[in-house]
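1. generate coordinates for the sequence data below:
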Amino acid sequence: MFERIKKAFHREVKERSDSTLAQAPGPVSEWAASRGMTFSGGTLGSSMTMQGKVGGRPWRMELGRPTRDYITGEELRARAELGVDDDVGAMVINRPLKEALERRAYSMITDTLQTTADPRLPEEMRWLAMYDEIGWEGPANDFWTRYAVLADARETALAWVDEHLVSQLMSWPDPSPTAQVPFMIVLLRGKCYLRMQYMPPEMHTLDHATDVFVSACESGLHAFRK
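-> Alright, predicted model coming up:
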């Protein structure tokens, strides 16, 4: 299952000839400036980096080569130093990726020839084992079909994944990322993270992903500020 998803992602990206890293960084730089963010990088083959603040806290976003093997093409990742309660842990992940990672973990566990943990395993596979999936009434069924919410406690999930964040997660502009595109936002160790495959590689995807990330940060600050 995991390998089939990777191959499907690879075919989709190969069909696109307008890779962001093959373009001049001008549009991204201008977009960052319009949002009050600083911009650096963007030469052929290098990452583009944007930095800003949310609630007075610094955050950084990068667009470049993937750091996870389940992402093909370009990866969009962000991190904010929120300074919220370190004990809080929660995660929103698109369900196809969750299921693929779980199958991969199960395959490794049941492989009698594997006696040591693979150091290349992504940390999010451990998060899936650490946290329980949480569900509640409110979000529409379409939300639960597309995403899974995991957390250290039900109260954490309810406080962080508020109505506005749910709306943002379900309102990607067209042409929008499909439910198969790897995506996650994580609240852990006082920080907020975003990681996703940059697909479709369009400015509106970057813009909306930024809105989603900022909403997740603002919700975390509101609910768990020390």
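
2. what does the helix ranked longest in the chain rub up against?
-> In the chain, with assignment by DSSP state H, the single longest helix is helix 203-224. The set of residues external to helix 203-224 that reach it, using Cβ atoms under 8 Å, 6 or more residues apart in numbering, is 27-28, 31, 35, 54-55, 57, 59, 61, 63, 76, 78, 80, 82, 84-85, 88, 92, 159-162, 164-165, 168-169, 171-173, 176-177, 185, 187, 192, 194, 196, 198-199. Where you see a C-beta, it was placed from the backbone N, CA and C, and this is true even at glycine.

3. what is the burial count for the closest residue to Ser171 other than its chain neighbours?
-> Leaving aside its chain neighbours, Ser171 sits nearest to His208 (7.7 Å; criterion: Cβ to Cβ, 6 or more residues apart in numbering). Per other Cβ atoms under 10 Å, the neighbour tally for His208 reads 18.

4. one step back: mean confidence for the longest helix of the chain?
-> Averaged over helix 203-224, pLDDT sits at 97.

5. then it to CSV, C-alphas only?
-> Presented in CSV, the C-alpha positions along helix 203-224 are these (Å, rounded to 0.1, in the frame of the first residue of the first chain):
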residue,chain,number,x,y,z
MET,A,203,1.0,29.9,-5.2
HIS,A,204,-2.5,29.4,-3.9
THR,A,205,-1.4,26.1,-2.3
LEU,A,206,1.4,27.9,-0.5
ASP,A,207,-0.9,30.7,0.5
HIS,A,208,-3.6,28.5,2.0
ALA,A,209,-1.1,26.1,3.7
THR,A,210,0.3,29.2,5.4
ASP,A,211,-3.2,30.2,6.5
VAL,A,212,-3.8,26.7,7.9
PHE,A,213,-0.4,26.7,9.8
VAL,A,214,-1.1,30.2,11.2
SER,A,215,-4.5,29.1,12.3
ALA,A,216,-3.1,26.0,14.1
CYS,A,217,-0.5,28.3,15.8
GLU,A,218,-3.1,30.8,16.9
SER,A,219,-5.3,28.0,18.2
GLY,A,220,-2.4,26.5,20.1
LEU,A,221,-1.4,29.8,21.7
HIS,A,222,-5.0,30.5,22.7
ALA,A,223,-5.6,27.1,24.3
PHE,A,224,-2.2,26.2,25.8
